[in-house]
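**Student:** I would like to see how this sequence folds:
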Amino acid sequence: MHIKMLINGELVAGEGERLAVMNPSLGTALVDIAEATPAQVDCAVQAADAAFESWSQTTPKHRSLLLLKLADLIDSHAVELARLESNNCGKPYAAVC
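**Tutor:** Residues are numbered from 1 along each chain as shown. Have a look, this model is predicted:
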């Protein structure tokens, strides 16, 4: 499972306090992750702010193509994402897919 954060186009590990992500229905830990530090949050906000200028100048057609590509990627991983969400929220798989 990928547990890194995407900051300024790079996957980086959190450097903050470690946190167990729990399945609330089973009371079991799904994964142990490190939170972002305030400095990492600041870096992410600065990167998003810097990206806004170019993104806002992107044509609607190009933006729609990128978003459709993202939708296809999500769709290709739908079963995996539904299983993760089922575990994360404690609901049966059938309730989230």
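**Student:** you'd agree residue 34 is up against residue 20?
**Tutor:** No: Residue 34 is beyond contact range of residue 20, at 11.2 Å (criterion: C-beta atoms under 8 Å). C-beta here means a position set from N, CA and C on the backbone, and glycine is covered the same way.
**Student:** of the two, who's got more company?
**Tutor:** Comparing residue 34 with residue 20 by other C-beta atoms under 10 Å, the one with more neighbours is residue 34, at 16 against 10.
**Student:** alpha carbons of stretch 2-11, in CSV - could you do that?
**Tutor:** Listed next in CSV are the C-alpha coordinates belonging to stretch 2-11 (Å, rounded to 0.1, in the frame of the first residue of the first chain):
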residue,chain,number,x,y,z
HIS,A,2,1.3,3.4,-0.9
ILE,A,3,1.5,5.6,2.2
LYS,A,4,3.4,8.6,0.9
MET,A,5,2.1,12.1,0.2
LEU,A,6,2.3,13.8,-3.1
ILE,A,7,4.0,17.2,-2.6
ASN,A,8,5.2,19.3,-5.5
GLY,A,9,5.1,16.3,-7.8
GLU,A,10,7.1,14.0,-5.6
LEU,A,11,6.1,11.1,-3.3
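**Student:** hmm, who's touching it?
**Tutor:** Contacts of stretch 2-11 with the rest of the structure, by C-beta atoms under 8 Å, 6 or more residues apart in numbering, involve 12, 13, 14, 31, 33, 36, 40, 43, 44, 46, 47.
**Student:** for stretch 68-85, buried residues please.
**Tutor:** For stretch 68-85, the neighbour count (16 or more other C-beta atoms under 10 Å) marks residue 84 as buried.
**Student:** from the middle of its chain, how far away would that stretch be?
**Tutor:** Stretch 68-85 has its C-alpha centroid displaced from the chain centroid by 12 Å (C-alpha atoms, centre = their mean, to the nearest Å).
**Student:** for the record, mean pLDDT for stretch 88-97?
**Tutor:** Per-residue pLDDT values over stretch 88-97 give a mean of 88.
**Student:** what ranges does this structure have for its helices?
**Tutor:** Here the chain has its helices, by DSSP state H, at 38-57, 60-76, 78-89, 93-96.
**Student:** redo these as TSV? Include distance to residue 24.
**Tutor:** As requested, the helices of the chain are exported to TSV (distance: least, C-beta to C-beta, whole Å):
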stretch	distance to residue 24
helix 38-57	26
helix 60-76	24
helix 78-89	7
helix 93-96	13
